[in-house]
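In: Just a sequence and a predicted model for now, questions to come.
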Amino acid sequence: MSEADKIRVMIVDDVIDTRDQLEKLLFFEKDIEVVAKASNGREAIAFARQYRPQVILMDINMPDMDGIAATEAILTQDPGIQVIIMSVQGETDYIRRAMLAGAREFLIKPISADDLYRSIRHVAKLAAMRPVVAVAGGAAAGAATDGKPSVDGQIFAVFSPKGGVGVSSIAANLAIAIRQQTNKKVALVDGNVIFGDLSVILNLRADKTIVDVAARIEGLDRDLLNDVMATHPTQVKVLLAPPDPQRGEMVTADHIRAILEVLRQEYDYVVVDTPASFQDRSLAALDMAQRIVTLMTLEMHCIRNVKLFLEVADLLSYPSEKVMLVLNKATNRTGIRADEVEKHLQRKLALQIGDAAQDMTLAINQGAPIVMAKPNHQVAKDIMNLARELVAKASKEATAESGAKSRSLFGGLIPRR
Ligand SMILES: Nc1ncnc2c1ncn2[C@@H]1O[C@H](COP(=O)(O)OP(=O)(O)OP(=O)(O)O)[C@@H](O)[C@H]1O
Ligand SMILES: [Mg+2]
């Protein structure tokens, strides 16, 4: 590999041992070259100008100028640089501040060699794919998709920035509801490659899983997916997660991206059960989705995380209509009202799904999601409404888009007066 093809990396950390360890780890990687090492934020800014790295490994806590301030300054200078933040702490506040500053990835110390290589190669690839958007007001590079569908199929990511609010249950029910309403081709993907539970929720055997696709990613096509996906009795096709967490680790964000691309060409609707994190696998699904069904409950810590997610969504240049806020387990017994939440978030809730109490779990334990087991239950009806709303919005957008296309064609044919 020639010098020019290597990924140019700068290491920024105030601890000399950490800098040296990272450099050693990178030394034998043929496609990576460490071009500079800096010991604080100020030095990092100067070296970034001088050595022109493509990727910066940036520590957060440093004397003089910290990693977040340095990231902000460097990206204002050169928005094309990809910053990977390294931190000993995994708190959302650090993640939020680093994201707002424009960082692309996070590594929690101690950093494994594999994670390090994967992150560097991943962000370098992102840099090559993503058109660079100016860092106005601290905004980072925009997604190549910019939330716009490029092909026919619609991807709906069901997501929550807080775990346990019902993402997997709603994703499974939603996929079935869409299938029942439209009779079109519907796929459901378990994006929780580490702790996926759609096989339990839908009572399906995980003989083959997303790991089998990742292992044969070069041969990825509809036949491979057909071979691996399980078929639910409703004819929803399900790409399951492996039963053992270790095997899930081999599925990368790039795999998720490639899989979703093929699925959206094959299916009319693709529902993704997206993990509750801002790590790159989740972001891959969120980037590619036409709509993010963002679930929340009436609990303080969930509301706080949703507020943070809305900021991140903004930062990623997601159009506001891409993020659809949905209240799950809605009840008036938590001491917080839905209208208060709307006021606090300055966003309207698109829909509310009631609290089914034990009925949701009962349905799961019996292997039939609530939309099938109890279609007359209020919560089943709420999920049906969600499906209807998503499908209606998707077809309205498709009509508007084809209208715009034919108008521009027609416009081209009319002679100017
Ligand atoms: N509308 C609802 N009413 C009552 N219970 C619900 C509702 N939605 C989900 N649940 C219950 O909440 C619990 C968590 O649901 P689920 O596993 O789907 O959440 P999750 O967000 O996917 O969690 P994780 O972050 O662990 O993946 C389950 O017991 C489920 O039955
Ligand atoms: Mg889940």
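Out: Yep, that arrived. Ligands and ions are numbered 1, 2, ... in the order given.

In: Can you name the secondary structure element that comes next after the least confident helix or strand in the chain by mean pLDDT?
Out: Sorting the helices and strands of the chain by mean pLDDT, DSSP states H and E puts helix 92-101 at the bottom, at a mean of 73. Going down the chain from helix 92-101, the next helix or strand is strand 105-108, by DSSP states H and E.

In: Show me what the next helix or strand after that following strand is in contact with.
Out: For strand 105-108, the succeeding helix or strand toward the C-terminus, using DSSP H and E, is helix 113-129. Helix 113-129 is contacted from outside by 7, 9, 22, 25-26, 29, 31-32, 54-55, 57, 80-82, 84, 104-105, 107, 141, 144, 252-254, 280, using Cβ atoms under 8 Å, 6 or more residues apart in numbering. Where you see a C-beta, it was placed from the backbone N, CA and C, and this is true even at glycine.

In: tell me which residues of helix 113-129 are tucked away?
Out: For helix 113-129, a neighbour-count test (16 or more other Cβ atoms under 10 Å) marks Leu116, Arg118, Ser119, Ile120, Arg121, His122, Val123, Ala124, Leu126, Ala127 as buried.

In: average pLDDT across it?
Out: Here helix 113-129 scores 85 as its mean pLDDT.

In: And it, how far out from the chain middle?
Out: Computed by Cα atoms, centre = their mean, to the nearest Å, the separation of helix 113-129 from the middle of its chain amounts to 16 Å.

In: Extract the CA atoms of that helix and return them as CSV.
Out: Extracted in CSV, the C-alpha atoms of helix 113-129 (Å, rounded to 0.1, in the frame of the first residue of the first chain):
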residue,chain,number,x,y,z
ALA,A,113,-7.2,-3.2,19.5
ASP,A,114,-10.1,-4.5,17.4
ASP,A,115,-12.4,-1.7,18.5
LEU,A,116,-9.6,0.8,17.6
TYR,A,117,-9.0,-0.6,14.1
ARG,A,118,-12.7,-0.9,13.4
SER,A,119,-13.5,2.6,14.5
ILE,A,120,-10.6,4.2,12.5
ARG,A,121,-11.5,2.3,9.3
HIS,A,122,-15.1,3.0,9.8
VAL,A,123,-14.8,6.8,10.2
ALA,A,124,-12.3,6.9,7.3
LYS,A,125,-14.9,5.2,5.1
LEU,A,126,-17.5,7.6,6.3
ALA,A,127,-15.4,10.5,5.4
ALA,A,128,-15.1,9.1,1.9
MET,A,129,-18.8,8.6,1.6
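
In: Can you name the residue of the protein nearest ligand 2?
Out: Per Cβ to the ion, Ser168 is where the chain lies closest to ligand 2, at 3.2 Å.

In: Spatially, which residue comes closest to that residue, not counting chain neighbours?
Out: Asp273 (5.0 Å; Cβ to Cβ, 6 or more residues apart in numbering).

In: Quick one: neighbours of the one you found, just the number.
Out: Applying other Cβ atoms under 10 Å, we find 28 residues neighbouring Asp273.

In: and if you look at Glu249?
Out: Glu249, neighbours per other Cβ under 10 Å, totals 15.

In: any idea how far Glu29 is from it?
Out: Here Glu249 is placed at a distance of 19 Å from Glu29 (Cβ to Cβ, to the nearest Å).

In: how long is stretch 19-38 from one end to the other?
Out: End-to-end span of stretch 19-38 (Cα to Cα, to the nearest Å): 8 Å.

In: and for it, what are the contacting residues?
Out: Contacts with stretch 19-38, where a contact means Cβ under 8 Å, 6+ apart, come from 1, 3, 5-13, 39, 44, 46-47, 50-53, 57, 111, 113, 116-117, 120-121.

In: quick one, what contacts the closest residue to Gln378 other than its chain neighbours?
Out: Nearest residue to Gln378, sequence neighbours excluded (Cβ to Cβ, 6+ apart): Gly354, at 5.0 Å. Listed by Cβ under 8 Å, 6+ apart, the contact set of Gly354 reads Lys329, Ala330, Thr331, Gln378, Val379, Asp382.

In: Take the residues you listed and lay them out in JSON lines including pLDDT, secondary structure and distance to ligand 1.
Out: JSON lines is the format used below for these (pLDDT from 0 to 100; DSSP: H, G, I helix; E, B strand; the rest coil; distance: Cβ to the nearest ligand atom, whole Å):
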{"residue": "Lys329", "pLDDT": "97", "secondary structure": "strand", "distance to ligand 1": "4"}
{"residue": "Ala330", "pLDDT": "95", "secondary structure": "strand", "distance to ligand 1": "8"}
{"residue": "Thr331", "pLDDT": "91", "secondary structure": "coil", "distance to ligand 1": "9"}
{"residue": "Gln378", "pLDDT": "97", "secondary structure": "helix", "distance to ligand 1": "10"}
{"residue": "Val379", "pLDDT": "98", "secondary structure": "helix", "distance to ligand 1": "5"}
{"residue": "Asp382", "pLDDT": "98", "secondary structure": "helix", "distance to ligand 1": "8"}
